[in-house]
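In: here is my input, please return the structure:
(4 chains)
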Protein chains: 2
Amino acid sequence: MLDDRKLAVLRAIVEDFVSTNEPVGSKSLVDRHNLDVSPATIRNDMAVLEEQGFIVQPHTSAGRIPTDQGYRLFVDKLSGIKPLSSAERRAIETFLIGAYDLDDVVMRTVRLLAQLTRQVAVVQYPSLTKSAVRHVELVPLTDKRLLLVLITDTGRVEQRTVDLPGPIGEESITQLRAVLNACLDGRKLSDVASVVAELPERVTPVERPNAAAVFSVIVETLVERHEERVIVGGAANLTPADFSRGLREVLEALEEQVVLMRLLGESGDHATVTVLIGSENEVQGLRNTSLVATGYGTGDQSLARLGVLGPTRMDYPTAMGAVRAVARYVGQILAES
Amino acid sequence: MLDDRKLAVLRAIVEDFVSTNEPVGSKSLVDRHNLDVSPATIRNDMAVLEEQGFIVQPHTSAGRIPTDQGYRLFVDKLSGIKPLSSAERRAIETFLIGAYDLDDVVMRTVRLLAQLTRQVAVVQYPSLTKSAVRHVELVPLTDKRLLLVLITDTGRVEQRTVDLPGPIGEESITQLRAVLNACLDGRKLSDVASVVAELPERVTPVERPNAAAVFSVIVETLVERHEERVIVGGAANLTPADFSRGLREVLEALEEQVVLMRLLGESGDHATVTVLIGSENEVQGLRNTSLVATGYGTGDQSLARLGVLGPTRMDYPTAMGAVRAVARYVGQILAES
DNA sequence: ACTTGGCACTCAGGACCCAGGAGTGCCAGG
DNA sequence: CCTGGCACTCCTGGGTCCTGAGTGCCAAGT
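Out: Just a heads-up that it's a prediction; the model follows:
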């Protein structure tokens, strides 16, 4: 149905349109790429491609531009992932090395991705539920109030204040801290809820009300509250020209954590780079944008996702290369720390 | 030099221009505001105001628009701070109540300010150096690596990994932790450096190399690294119409923590709401924006600053009201937690 | 000394037209 | 199935004209 040349034509159209942002016509196609056929032939091919829904012409007698479906075919069949140049790879390393802590890693990653791709970068914080408890700390604030600090093996630190039903003494805190650390240390956060359920037996009855308050906050923090933050960078890379309806709705969507989470979540599994093109995503207001994303994590488990967001008119092969490379490096960095 | 009517004219021009975004002429002025003089009179006044540099006309034979200097006079002399409506005040309360932790407070504040003013909101994290140490925690990651967690009385938690010169045992960690907490608890962070300098005497000589590593990281984290983050929200409120040279440079500036810090820092002292208008700020790329900012904090000390950023054509009285009110509420919230 | 009405002047913006050019679809011939 | 030719479409940019809002200035009025 689509012979090789037609596919080549589609590829050429996508590439030209991506680089020039102007509808591409049969004439310019044949001399920019060295297809050795005449423009007329190309026109016939284009007619077919248009009929099939891969390209459209914005106005009669203008060149063609790819549809979302066209980009989809391009990404799936006509292009691979473009590896980074060695200079870029070096840049990644030097940029990420020397990050202080998890926050810093995430912030640097976002900047890096944005710079590398000249798009908007989106990085999700490593998921809590997939990591394990490294340490629990209780710090008295007042006699009826504690600060609970929870440290995970991905270097993430969660904090919450706990209001207690009654006053608590220093030694009770010490005891409680010991119990918590003994029982939770090394546990996957996803298991914590069930472990905590058994804890009340291990504290003296007198302490139970206070302990219970602490326990419920722990469960709440770790399990119920998937706070899974996303940070965004490089919004300045959005060019008004690409968004007819104004940047506004895009910027709005970018500030909605929930929206971004859903978007990142939608897109496929770990380890492979997935692409969500234009209307394929469900988020109103990002209908003209594409997302290139992948998972990252330590070893073989995926902790979270990251990616770049840009106009559908995006250099997919390069973006995919950058996303994949950055994800790998970040995984390494996290594994080391 | 500027009689009352001329000032009234300037005020009217500012108000009209802010609400319509169109140059305002003598005719429309007289009937929108009930100045009981003729347009011609107003024209004379406008000529004077223009001569003094308070207003300009974009093209010959268009109305006048205020200059930065005009806004300055308006803010300083011609308008007060407009108090929030009670509905808005209630909104603030319900919005900020129930924040989980410091991060949450800051994030909510930023959203709140952005919504309230329909501008870009900018909130600085409570400064480290002005708060005091509540607790220091050391968690072993490997035998030569520790996670240092530092909790301040503003509820902020700082974390850093420490690479040790040699292996360290559980009991050494315990001892070190005890020393640290004993010496640092309750200290202002600004004093920490000097206190830490005396610490090596209090650990056994064997431990010193490891302890020294920890100490230096502490100093580095708290003193040298003024990481003072700023978060930004409501970028979607930037309307392209207001920025002839494109949003791009504004968005870029907004992503530069350093730039924002400098901007916030520039603007005056605690407790009073300060306004920086257009070219009054030094940041290239924000020459067309104004900043309305104030300090916030617990009790009488200022911990950090917050504000809103928008086009010079901004509703200053309202923005100032919102900024002041939000700063107060945030201060309260922080004091309670 | 201000204020006012009148008047001529300026100029941005919209409507309109026109020509140029890029691109197309179609067809007949190789 | 490819190709050159041809008529057609219609977007784009430039030029012209007109209108309306707004101005500055001046002479007369209070």
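In: as a quick check, tell me the outermost residue of chain A.
Out: The C-alpha centroid of chain A is most remote from residue A:206, which lies 46.4 Å away (C-alpha atoms, centre = their mean).
In: quick one: contacts for it?
Out: Under the criterion of C-beta atoms under 8 Å, 6 or more residues apart in numbering or on different chains, residue A:206 has no neighbours. All C-beta spots, glycine's among them, are computed from the backbone N, C-alpha and C.
In: what about it, distance to residue A:168?
Out: Counting by C-beta to C-beta, to the nearest Å, the gap from residue A:206 to residue A:168 is 10 Å.
In: same thing with residue A:299?
Out: 39 Å.
In: now swap in residue A:264 and tell me
Out: 41 Å.
In: ditto for residue A:45
Out: On the measure of C-beta to C-beta, residue A:45 and residue A:168 end up 77 Å apart.
In: likewise for residue A:262?
Out: Taking C-beta to C-beta, one finds residue A:262 at 40 Å from residue A:168.
In: do residue A:36 as well
Out: From residue A:36 to residue A:168 the distance is 84 Å (C-beta to C-beta).
In: those two: which has the busier surroundings?
Out: A direct count of neighbours by other C-beta atoms under 10 Å in any protein chain shown for residue A:36 and residue A:168 places residue A:168 higher, at 24 against 7.
In: what's the burial count for the closest residue in space to that one that isn't next to it in sequence?
Out: Nearest residue to residue A:168 in three dimensions, chain neighbours excluded: residue A:210, at 5.0 Å (C-beta to C-beta, 6 or more residues apart in numbering or on different chains). Using other C-beta under 10 Å, residue A:210 has 22 other residues around it.
In: what's near enough to touch residue A:210?
Out: Counted by C-beta under 8 Å, 6+ apart, residue A:210 has contacts A:164-166, A:168, A:172, A:176.
In: and it, how far is that from chain B?
Out: 19 Å (C-beta to the nearest C-beta, to the nearest Å).
In: now that residue: which helix or strand?
Out: Following DSSP states H and E, one finds residue A:210 within helix A:208-219.
In: quick check: next helix or strand after that helix?
Out: Next along the chain after helix A:208-219, taking DSSP H and E as the criterion, comes strand A:230-233.
In: who touches that following strand?
Out: Contacts of strand A:230-233 (C-beta under 8 Å, 6+ apart): A:106-107, A:110-111, A:113-114, A:120-125, A:254-255, A:257, A:260-261, A:264, B:255.
In: centre of the chain versus it, how much separation?
Out: Chain-centre distance of strand A:230-233: 9 Å, with C-alpha atoms, centre = their mean, to the nearest Å.
In: so what strands line up beside that strand?
Out: Sheet partners assigned to strand A:230-233 using DSSP bridges are listed as strand A:120-124 (antiparallel).
In: quick one: average confidence on the helix or strand harbouring residue A:44?
Out: For residue A:44, the host element (DSSP H and E) is helix A:39-51. Across helix A:39-51, pLDDT averages out at 95.
In: that one packs against which elements?
Out: helix A:4-20, helix A:26-32, strand A:55-56 (3 or more C-beta pairs under 8 Å, 6 or more residues apart in numbering or on different chains; DSSP states H and E).
In: to chain B, which of the ones you listed lies closest?
Out: helix A:4-20 (20.1 Å; C-beta to the nearest C-beta).
In: please report phi then psi for residue A:294.
Out: The phi/psi pair for residue A:294 (degrees, to the nearest 10) reads phi -160, psi 170.
In: roughly how far apart are it and DNA strand D?
Out: Applying C-beta to the nearest atom of the strand, to the nearest Å, the value for residue A:294 to DNA strand D is 37 Å.
In: what's across from that residue in the sheet?
Out: Here residue A:294, judged by DSSP bridges, has bridge partners residue A:306.
In: if we look at the longest strand seen in chain A, which residues are touching it?
Out: Scanning chain A for the longest strand, with DSSP state E as the assignment, gives strand A:133-142. Strand A:133-142 has contacts (C-beta under 8 Å, 6+ apart) with A:146-153, A:161, A:168, A:170, A:173, A:176-177, A:180-181, A:184-187, A:189, A:192, A:214, A:218, B:134-135, B:137, B:139, B:141, B:147, B:149, B:151.
In: if we go to 7 Å?
Out: A:146-153, A:161, A:173, A:176-177, A:180-181, A:184-187, A:189, A:192, B:134-135, B:137, B:139, B:149, B:151 (C-beta atoms under 7 Å, 6 or more residues apart in numbering or on different chains).
In: list the buried ones in it?
Out: When neighbours are counted by 16 or more other C-beta atoms under 10 Å in any protein chain shown, the buried residues of strand A:133-142 are found to be A:133-141.
In: next one: stretch A:47-54
Out: So, applying 16+ other C-beta under 10 Å, buried residues of stretch A:47-54: A:48-49, A:52, A:54.
In: cool, stretch A:94-110 as well?
Out: Neighbour counts over stretch A:94-110 (16+ other C-beta under 10 Å) mark A:95-96, A:99-103, A:105-110 as buried.
In: before we move on, what about stretch A:320-332?
Out: A:320-327, A:329-331.
In: compute the inter-axis angle for the host helix or strand of residue A:254 and strand A:120-124.
Out: Counting by DSSP H and E, the element that carries residue A:254 is helix A:248-255. Here helix A:248-255 runs at an angle of 20 degrees relative to strand A:120-124 (axes from the mean of the first three to the mean of the last three C-alpha atoms, to 10 degrees).
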